[in-house]
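Chemist: The sequence isn't on hand, but the structure is:
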């Protein structure tokens, strides 16, 4: 069993729950309310910027030129996707630059990005790679599953095509191979930290979609009357 197969086995229940989430089921059928997708796409644009920064931090710690080039390329790709979201879906769903800038980053998005940046900045390279892997892997698997049942007239067809397409599939395959390569030369203690980082990111993936579906921002603190 490869290291990434171990990760998959350990997080199978959580990843199954992500596939079964109402957000993804309704996205697949095209019945996801447009206002829900609007909120999601704004947060995803914020997330992708932070994700690109975390990839860049990890690239700076990479032990060889191949890994540097791979992660730096993925960072550039994340920014390109973020720009595409601005150019297409934000226009399609009537999200202006002003409304985007006026929308605060959600708690779920902020926590996920903060976790990735902290792990990439403070953790070692193997830990950073493991933390970054779920965003590749889970999106690829969800995208492919949705593509199998999605109707042709699905209003979210372009999103589905992005994450079920060949180009993204190749980037995920490279990230899986990098994770296995890094883990193969790591100590048992380092591999344990990689397991922990991967599981945390999988949880953050679930939390991000759950928060988007329920339109959650930041929980208000209730004042206690005297």
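Modeler: Arrived safely, thanks for sending. The structure displayed is predicted, hence computed values, not measured ones.

Chemist: Grab the most central residue of this structure for me.
Modeler: The C-alpha lying nearest the average C-alpha coordinate of the chain belongs to residue 135 (C-alpha atoms, centre = their mean; 3.2 Å).

Chemist: Okay, and the nearest residue to that one once chain neighbours are set aside sits in which element?
Modeler: Nearest residue to residue 135 in three dimensions, chain neighbours excluded: residue 51, at 6.1 Å (C-beta to C-beta, 6 or more residues apart in numbering). Every residue, glycine included, has its C-beta placed from N, CA and C. Per DSSP states H and E: residue 51 is located in helix 34-61.

Chemist: could you point out which element follows that helix?
Modeler: Counting by DSSP H and E, the next helix or strand C-terminal to helix 34-61 is helix 65-87.

Chemist: which helices and strands sit right next to that following helix?
Modeler: If you count contacts as 3 or more C-beta pairs under 8 Å, 6 or more residues apart in numbering; DSSP states H and E, helix 65-87 packs onto helix 34-61, helix 166-184.

Chemist: Next SSE downstream of it?
Modeler: Note on helix 65-87: by DSSP H and E, the next helix or strand toward the C-terminus is helix 89-92.

Chemist: buried set for that following helix?
Modeler: Across helix 89-92, burial judged by 16 or more other C-beta atoms under 10 Å covers 89, 90.

Chemist: got the contact list for the helix or strand bottoming out on mean pLDDT in the chain?
Modeler: The weakest-scoring helix or strand in the chain, judged by mean pLDDT, DSSP states H and E, is helix 89-92 (a mean of 79). Under the contact criterion C-beta atoms under 8 Å, 6 or more residues apart in numbering, helix 89-92 has outside partners 37, 41, 42, 45, 95, 96, 100, 158, 159.

Chemist: and the second one, what does it touch?
Modeler: Each residue near residue 41 by C-beta under 8 Å, 6+ apart is listed here: 85, 89, 90, 93, 95.

Chemist: Now the fourth one: closest residue in space, sequence neighbours ignored.
Modeler: When you say that, I think you mean residue 93. In space, and not counting its chain neighbours, residue 93 is closest to residue 38: 4.9 Å by C-beta to C-beta, 6+ apart.

Chemist: Contact partners for the one you found?
Modeler: 93, 94, 95.

Chemist: shaky segments in this structure?
Modeler: Residues of the chain meeting the criterion pLDDT under 70: 82, 85-86, 223-226.

Chemist: circling back: who wins for neighbours among the contacts of helix 89-92?
Modeler: If you count neighbours using other C-beta atoms under 10 Å, the busiest of the contacts of helix 89-92 is residue 42, which has 26 neighbours.

Chemist: surely that one meets residue 103?
Modeler: Yes - here residue 42 reaches residue 103: they are 5.1 Å apart, a contact under C-beta atoms under 8 Å.

Chemist: so how many other residues sit close to residue 55?
Modeler: Neighbour number of residue 55 under other C-beta under 10 Å is 26.

Chemist: Next up, the contacts around the nearest residue to it once chain neighbours are set aside.
Modeler: Closest residue to residue 55 apart from its sequence neighbours, by C-beta to C-beta, 6+ apart: residue 75 at 3.8 Å. Residue 75 makes contacts with 52, 53, 55, 56, 59, as judged by C-beta under 8 Å, 6+ apart.
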